[in-house]
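Trainee: Requesting a structural model of the entry that follows:
(chains A and B, ligands or ions: 2)
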Amino acid sequence: MLLKPSSMPSDEAKYKALVCVSIGQHPQSGRERRADQDGRAVEMGLNLQGRQLVDLSVVHAGQATSPVLRQYAGMGLSCMTVLSQHQGDDALSAMLDYVKDQQADFLLMGTRSETGESSGLLPYLLAEKLGWPLVPRIAEIQSIEKGVAQILLALPRGQRRSVAVSLPFVATVDNAATAARQTAFGPGMRANIEVVESLSAIDQEASEWQFQPAKARSKRMKVVKAKSAADRFKAATAKAAGGGGKVMKNESVEEKANAIFDFLLEEKVIR
Amino acid sequence: MILDWLLPTLIATLILLAGIGAIRRANLWRAGQAEKVDILAGLMAMPKRYLHDLHHVVERDKYMSRTHVATGGGFVLAMVLVVLVHLLEINSQILAWLLLAALVMMFCGAVFVFKRRLNPPSRLSKGPWMRLPKSLLTFSLTFFILTLPAAGILPDSFGLGEMGQILLGLVFGVLVLLSLGEMLFGMTWGGPMKHAFAGALHLAFHRRPERFGGGRSTGLKPADLGGDSHGVAKPEDFKWNQLLGFDACVQCGRCEAMCPAFAAGQPLNPKKLIQDMVVGLAGGTDEKYAGSAYPNVEVGKAVGSPTQVITEGLVSADTLWSCTTCRACVEECPMMIEHVDAIVDMRRFLTLEKGDTPNKGAEILENIIATDNPNGYAPGSRTHWAADQNLSVMKDVKKVDVLFWVSDGAFDMRSQRILRAFVKLLKAAKVDVAILGDEERDSGDVARRLGDDATFQSLAKRNLATLSQYEFNTIVTTDPHAFHCLRNEYQDFDEQGALQEVEVLHHTTFLNRLMEQGKLSVAEFMGGKVTYHDPCYLGRYNGEYESPRALLSGLGIEVAEMERSGYRSRCCGGGGGAPITDIPGERRIADMRMEEVVATGAELVAVGCQQCTAMLEGVVEPRPQVRDIAEIMADQLVEGAA
Ligand code: SF4
Ligand code: SF4
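Mentor: Ligands and ions are numbered 1, 2, ... in the order given. Got it, this is the predicted structure:
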């Protein structure tokens, strides 16, 4: 019988996952919120942790006072780390130091941030500096075994591609990943937010940018042929047309099934 | 003779046991959280609350109220006299005769209890409750005979020989044990008579003493934010007097008969819920429950204890989410138990601690947090509906007579028609009115009913801060939910006094006043038969049943009342976040309500709530038209006449 080398942790399968979250922005109100994709990344991390595959830590570079951090924590994190920075500081170097320091096995981030530099350059820069591969737009991490992760990439129109990636890597999480769970006020309030002082480095490039609200693309108007307001209202809120439905409550299962079958024939769904 | 010592011994023993039981039971309640109660004042007020308030509710069922007065009153009187005559053995024929009279009264009552139990309606619990009328009858008969010698009607030893006396003593000893045991022992050790003991104390220590004397107290109590846990996870997290309240339930099932969720086949039955709470506070299982179950849920599997999380074994979360917070159960409960408080308390735990609000719940709450409205619309588009209405905005005018609280109907095409109709009426009556415009936020009603008191409190505080900047005398709104929050729930957070001396009115109340002042004139409505649906948050929550009806009759409409109307109106299914959490049942509540509308033969149902409008219009056609009273009035408005 082989004995485990004593240096190996007893639950050998546990890897260290780091999720990096940002402050999001609601598309309608412009207000700060839990960023959608970052929330999905935390969700992915929590799921892997729930399956005993990883130890999860969540980190944010910015200000520790932001109430949005509590929204992430409310997903069930007992603690979070904040690399303390000033507004306008560059997150890259602080994050880089931290990832190295933590000896993380992989890094999860949103594909795109909702504020700031947008377009999600940070994961690429981090991957480059760390010398790790970048796995873009992932939908799911199916397993991690012997240092290799089986990952589903999200392709357009709901397609998936399965790839095997060996650790360490940086991955960005797509909208197709499982949505973030609800945040709970109590645990969010009580979570421990650990502040790490980090190097302050002003993001020179970004400081020179000018911001302006995006213009909505013009849309072709829908022509409604209705004559009265009530008709228009009906058209706008219309249910599927065809007034003849019928409610079947007491009929036998066969009768109900037949009715559905007939309907499908009638609607030419099946022939 | 044997009875001479046996009877007082039995009585004394049972009283002693009852006393021990009472202490044990009280200790169970004391597991709950502290709550300030004026003990002395409560105890003093108890008789009046019993005779007046409780009976007011029981009165709705004349048969039961008379039966209960005879039985309960007879028993209390008889018990006092039994102690005097048979325990203390005061030798007075007058007392003995009084006792006989009390027992006759009780007997008569008990006969009616018995009759009702011959073929009981499904809402009544069976089990030990079927035994109760027999115990009542036995008690009154046994003591009647035993008192005959003291009244001088029969000779002292019933004129029997020694053997006869022993036999008689044994037989009556058993009868006394059975019947008086039920009355005294059962009262504090969990028998059907427990309702008398716990019920009396519940009246004395009620958490909403304002409800007595015809008052109304419907606003939810604020949750304490920031502790180790929020809301009620375990029975011991309830306030002690809430636990006491659960114990007071008589299992009469009136709440069950009124509950729309139960009728719709959703997994909720308010009576069973309260009984499950009793299981929780006392520990054990629901095996002994003998009434109707939660629809499609088996009885006997629920296990609980004061320190065990309720939703892990005792009550399923779906049960809690089925409630529309319509308050029909509370309104109907003769013991004045507060089901809605308990349900929302438990929802608070699920939402604030577990982040487990079902279906659309999480999304709606997230939207409210990020945009101040449940559907996540841009807060800057809140006033778009009024682009052509030429309304003053508070930020410009600062001071106005009437503030029109628009509520979230602003974002909804259907509700906008109601808003426009109301504005048309306001203008015709030349009311000095303004809206908050984009400064208004959701009232927080939905967040609060979904258990997210943190978000509700944040909204309330921010809304109040906005309101405190302006001067106005009246707030009027077309949304009964916002109306209820502003009127009954905001005061707990109103530190600046923004709503002090401000009258909050529903638009029907306000319009009715305008009509009475002759500021509006309307032509007679000729559109056929009309019925009226009372919104829960207007009627039961705020007692406004009259104004909507007055307005309709002002239009020459004679309301064809539905079977369930006024304080017994049935919910449209839209309250309490129920359409958001959407727990499946066998029917939809809105469909059932529409069936009741159809049963009146009306072609039009008048409502006073945009939520009701949405729910009722969601019923598939053909069905009667659904219109807000403001819309009906605006159509009949005679402009320039007043
Ligand atoms: S408030 Fe209404 S829905 Fe909720 S339990 Fe009571 S009667 Fe049923
Ligand atoms: S809760 Fe009230 S209405 Fe319901 S069964 Fe108990 S006593 Fe009756």
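
Trainee: can we go C-alpha only for contacts and neighbour counts from here?
Mentor: OK.

Trainee: In the record's domain split, what are the boundaries for chain A?
Mentor: Following the TED database, one gets these domains for chain A: A:15-208, A:229-267.

Trainee: Quick check: which of these is nearest to residue B:100?
Mentor: domain A:229-267 (57.3 Å; Cα to Cα).

Trainee: how about the residues of the stretch 101-250 of chain B near ligand 2?
Mentor: Within the stretch 101-250 of chain B, the positions near ligand 2 by Cα under 6 Å from any ligand atom are B:249, B:250.

Trainee: Skip the chain neighbours and tell me the closest residue to whichever residue of the stretch 101-250 of chain B sits closest to ligand 1.
Mentor: Residue nearest to ligand 1 within the stretch 101-250 of chain B: residue B:218 (11.5 Å; Cα to the nearest ligand atom). Nearest residue to residue B:218 in three dimensions, chain neighbours excluded: residue B:541, at 5.8 Å (Cα to Cα, 6 or more residues apart in numbering or on different chains).

Trainee: and if you look at residue B:619?
Mentor: Nearest non-adjacent residue to residue B:619, counting by Cα to Cα, 6+ apart: residue B:591, 5.9 Å away.

Trainee: just to revisit the earlier point, A helix includes the residue nearest to residue B:218, no?
Mentor: No - according to DSSP: H, G, I helix; E, B strand; the rest coil, residue B:541 belongs to no helix; its state is coil.

Trainee: contact partners of stretch B:556-570?
Mentor: B:258, B:260, B:328, B:331, B:524-525, B:529-536, B:539-540, B:545, B:549, B:552-553, B:593, B:596-597, B:599-600, B:602 (Cα atoms under 8 Å, 6 or more residues apart in numbering or on different chains).

Trainee: quick revisit: could you double-check that the residue of the stretch 101-250 of chain B closest to ligand 1 sits in contact with residue B:488?
Mentor: Yes - between residue B:218 and residue B:488 a contact is recorded at 7.2 Å, counting by Cα atoms under 8 Å.

Trainee: Out of the two, name the residue with the larger neighbour count.
Mentor: residue B:218 (21 against 18; other Cα atoms under 10 Å in any protein chain shown).

Trainee: can you pull the contacts of that one?
Mentor: Counting by Cα under 8 Å, 6+ apart, residue B:218 has contacts B:488, B:541, B:542.

Trainee: mind running it again at 10 Å?
Mentor: B:208, B:210-211, B:327, B:330, B:338, B:340-341, B:484, B:488-489, B:537, B:540-542 (Cα atoms under 10 Å, 6 or more residues apart in numbering or on different chains).

Trainee: Residue 48: what's it in contact with?
Mentor: Since no chain was named, I'll use chain A. Contacts here follow Cα under 10 Å, 6+ apart; on that basis residue A:48 touches A:14, A:15, A:17, A:42, A:54, A:55, A:56, A:140, A:141, A:142, A:143, A:144.

Trainee: wrong one, I was asking about chain B
Mentor: Residue B:48 makes contact with B:54, B:55, B:203, B:204, B:212, B:213, according to Cα under 10 Å, 6+ apart.

Trainee: Produce a PyMOL select command limited to the buried residues of those.
Mentor: A single PyMOL command suffices to select whichever of these are buried according to 16 or more other Cα atoms under 10 Å in any protein chain shown:
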select buried, chain B and resi 54+55+203+204+212
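
Trainee: of all the contacts of residue B:48, which two lie farthest apart?
Mentor: It's B:55 and B:204 that sit farthest apart of these, by Cα to Cα, at 14.9 Å.

Trainee: which residues in the stretch 51-200 of chain A form strands?
Mentor: In the stretch 51-200 of chain A, the strands defined using DSSP state E, counting those that start in this stretch lie at A:54-62, A:79-84, A:106-110, A:134-145, A:148-154, A:160-166, A:169-173, A:192-197.

Trainee: I'd like these as TSV, with mean neighbour count and distance to residue B:151 appended.
Mentor: Listed next are the strands of the stretch 51-200 of chain A as TSV, based on neighbours: other Cα atoms under 10 Å in any protein chain shown; distance: least, Cα to Cα, whole Å:
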stretch	mean neighbour count	distance to residue B:151
strand A:54-62	22	84
strand A:79-84	20	79
strand A:106-110	26	91
strand A:134-145	19	88
strand A:148-154	19	93
strand A:160-166	15	94
strand A:169-173	24	91
strand A:192-197	15	78
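
Trainee: where does the chain have low pLDDT?
Mentor: With no chain named, the answer covers chain A. Residue ranges of chain A with pLDDT under 70: A:1-13, A:117-119, A:221-224, A:237-244.

Trainee: not what I meant, chain B
Mentor: Using pLDDT under 70, chain B drops low at B:1, B:641-642.

Trainee: Tell me the residues on it that lie near ligand 1, please.
Mentor: Looking at ligand 1, the residues of chain B close enough under Cα under 6 Å from any ligand atom are B:258-261, B:270, B:323-329, B:340.

Trainee: quick one: residue B:138 and residue B:181 touch, right?
Mentor: No - checked against Cα atoms under 10 Å, the pair residue B:138 and residue B:181 is beyond contact range at 11.1 Å.

Trainee: Could you pull out the residues contacting both of the two?
Mentor: Taking Cα under 10 Å, 6+ apart as the criterion, residue B:138 and residue B:181 both touch residue B:175.

Trainee: Which one of these two is surrounded by more residues?
Mentor: Applying other Cα under 10 Å to residue B:138 and residue B:181 shows that residue B:181 carries more neighbours, namely 23 against 19.

Trainee: Return the residues in contact with that one.
Mentor: Neighbour list for residue B:181: B:10-11, B:13-15, B:17-18, B:135, B:139, B:174-175, B:187, B:191 [criterion: Cα under 10 Å, 6+ apart].

Trainee: Show me those residues that map onto helices.
Mentor: B:10, B:11, B:13, B:14, B:15, B:17, B:18, B:135, B:139, B:174, B:175, B:187 (DSSP state H).

Trainee: Can you tell me how far the fifth one is from ligand 1?
Mentor: Looking back up the chat, that one is residue B:15. To ligand 1, residue B:15 is 37 Å away according to Cα to the nearest ligand atom, to the nearest Å.

Trainee: Give me every residue in chain B lying close to ligand 2.
Mentor: So far as Cα under 6 Å from any ligand atom goes, chain B lies against ligand 2 at B:249-255, B:271, B:274, B:332-335, B:337.

Trainee: Could you tell me which of these belong to helices?
Mentor: Secondary structure defined by DSSP H assigns B:254, B:255, B:271, B:274, B:332 of the residues of chain B next to ligand 2 to helices.

Trainee: among the residues you listed, which two are most distant?
Mentor: Top of the distance list for those (Cα to Cα): B:274 and B:332, 14.1 Å.

Trainee: List the pairing partners of whichever strand or helix holds residue A:19 within its sheet, with orientation.
Mentor: Residue A:19 belongs to strand A:15-20 when elements are defined using DSSP states H and E. When pairs are called by DSSP bridges, strand A:15-20 turns out to pair with strand A:54-62 (parallel), strand A:106-110 (parallel).

Trainee: closest one to ligand 2 among those?
Mentor: Of all the strands paired with strand A:15-20, it is strand A:54-62 that lies closest to ligand 2, at 46.7 Å by Cα to the nearest ligand atom.

Trainee: what angle separates that closest one from strand A:134-145?
Mentor: With axes from the mean of the first three to the mean of the last three Cα atoms, to 10 degrees as the basis, strand A:54-62 and strand A:134-145 are set at 150 degrees to each other.

Trainee: any idea what sits nearest residue B:150, other than its immediate chain neighbours?
Mentor: Leaving aside its chain neighbours, residue B:150 sits nearest to residue B:96 (5.9 Å; criterion: Cα to Cα, 6+ apart).

Trainee: gap between the one you found and residue B:75?
Mentor: Note on residue B:96: its distance to residue B:75, by Cα to Cα, to the nearest Å, is 15 Å.
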